[in-house]
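**Q** Attaching a predicted model along with its sequence, questions to come.
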Amino acid sequence: MSHLTLAASGLTAGYDRRRPVLDGASLTVPAGRRLAVLGANGSGKTTLLRCLSGALAPARGRVTLDGAELRHTRAGLRAHRQEVQLVLQDPDDQLFSASVAQDVSFGPVNLGLTEDEVRARVAEALALLAVTHLAERPTHQLSYGERKRVAMAGAVAMRPCVLLLDEPTAGLDPTAVGEALAALARLQEADSTVVMSTHDVDLALRWADEVAVVVDGRVVQGTPETVLGDDALLARARLDRPWALTVGARLRALGLLPDGALPRDADALLAALPDSPGVRT
Ligand SMILES: Nc1ncnc2c1ncn2[C@@H]1O[C@H](COP(=O)(O)OP(=O)(O)OP(=O)(O)O)[C@@H](O)[C@H]1O
């Protein structure tokens, strides 16, 4: 799979022309990397992902894939969707077929692939999402977490170069979140660019290569430490500072962490602490 750069510039988009949700939003999805999109409820994360996927046409601005502008024609959208797939927050908006295997094969069948190619794609996608054992199950009998993974498998079966996931971990228990993140790691190893929207600043800090915060209709993008360490921005966006940044700063101030150490999660924090008798892991 090749890496293509998906970008948006100057997007104005919404559902009511008088009050756009996005108002001049620009963003570049780093090719081959992980981007977390954060923002308060109703800030426009889903709207942004829908514009990037082609599902929603912006009133102004443009979406480009490796510099080529997305055209909202039948052919333009079809070409875009082969490279960019959106997985909706609610799997029930996406699963329609009787069985898991049928559902996951829907996209590849529509691409006109041969039966063997479809079967190979379905097997690959089910394996990447660790749901091979569910292949023959009716989708309506699956748990919420299983349905979310199957919905992701349906998108993965299209072998997109960019996968846009709208809150893939919302509503999952901690083990299921871990499994979903492991699946995303396998996708990235398989060369996908992964974009995830989330409210979870701690998850964004430990998972993402870059973060984008949607606030006041625009996007502020940068490294997780820079963006999620900007208290004024976080207040505007109604987000909390990740705990690892707060604890890391306190430990640095106490001289317990080296100046440059910026641990992103508990394991990294414990590993960065000096090995003193007072510190037990
Ligand atoms: N189909 C729609 N018709 C009308 N308004 C909509 C529609 N979808 C979203 N909106 C409105 O657009 C705004 C942005 O919604 P959006 O779903 O993009 O936000 P979000 O950041 O994804 O929110 P959340 O975190 O709650 O999922 C909200 O005010 C919402 O009510």
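**A** Now that the structure is in, tell me what you want to look at.
**Q** just checking, what packs against whichever strand or helix holds residue 48?
**A** Following DSSP states H and E, one finds residue 48 within helix 45-53. Here helix 45-53 touches strand 6-13, strand 22-29, strand 34-38, strand 84-87, strand 162-166, strand 193-197, going by 3 or more C-beta pairs under 8 Å, 6 or more residues apart in numbering; DSSP states H and E. C-beta: built from backbone N, CA, C; applies to glycine.
**Q** What pairs with the helix or strand that that helix is followed by, parallel or antiparallel?
**A** Per DSSP H and E, the first helix or strand lying C-terminal to helix 45-53 is strand 60-65. Taking DSSP bridges as the criterion, strand 60-65 forms sheet pairs with strand 6-13 (antiparallel), strand 68-69 (antiparallel).
**Q** if we can go back for a sec, and of the helices and strands packed on helix 45-53, who's closest to residue 115?
**A** strand 84-87 (21.9 Å; C-beta to C-beta).
**Q** How about the residues of the protein by the ligand?
**A** 15, 21, 39, 41, 42, 43, 44, 45, 46, 47 (C-beta under 6 Å from any ligand atom).
**Q** quick one, which of the helices and strands packed on helix 45-53 is nearest to residue 270?
**A** So among the helices and strands packed on helix 45-53, strand 34-38 is nearest, using C-beta to C-beta, at 23.0 Å.
**Q** Touching that closest one from outside, list them.
**A** Defining contact as C-beta atoms under 8 Å, 6 or more residues apart in numbering, one finds that strand 34-38 is touched by 29, 45, 48-49, 184, 188, 193-199, 201, 203-204, 207-214, 224, 237, 239.
**Q** what about that strand, distance to the chain center?
**A** The chain centre lies 6 Å from the centre of strand 34-38; the measure is C-alpha atoms, centre = their mean, to the nearest Å.
**Q** And the helices in the stretch 151-281 of the chain, which stretches?
**A** Along the stretch 151-281 of the chain, counting by DSSP state H, counting those that start in this stretch, helices occupy 174-189, 201-207, 224-228, 231-236, 243-253, 266-272.
**Q** thinking again about what came up before, can you tell me which of the strands paired with strand 60-65 is packed in deepest?
**A** strand 6-13 (a mean of 20; mean count of other C-beta atoms under 10 Å).
**Q** export it as CSV, just CAs?
**A** Provided in CSV are the C-alpha atoms of strand 6-13 (Å, rounded to 0.1, in the frame of the first residue of the first chain):
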residue,chain,number,x,y,z
LEU,A,6,-4.7,13.5,2.7
ALA,A,7,-5.2,17.2,3.5
ALA,A,8,-7.9,19.8,3.9
SER,A,9,-7.6,23.5,3.5
GLY,A,10,-10.0,26.3,4.4
LEU,A,11,-13.0,24.0,5.0
THR,A,12,-16.2,25.7,5.7
ALA,A,13,-18.9,23.0,6.3
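**Q** any idea of the angle it forms with strand 162-166?
**A** 40 degrees (axes from the mean of the first three to the mean of the last three C-alpha atoms, to 10 degrees).
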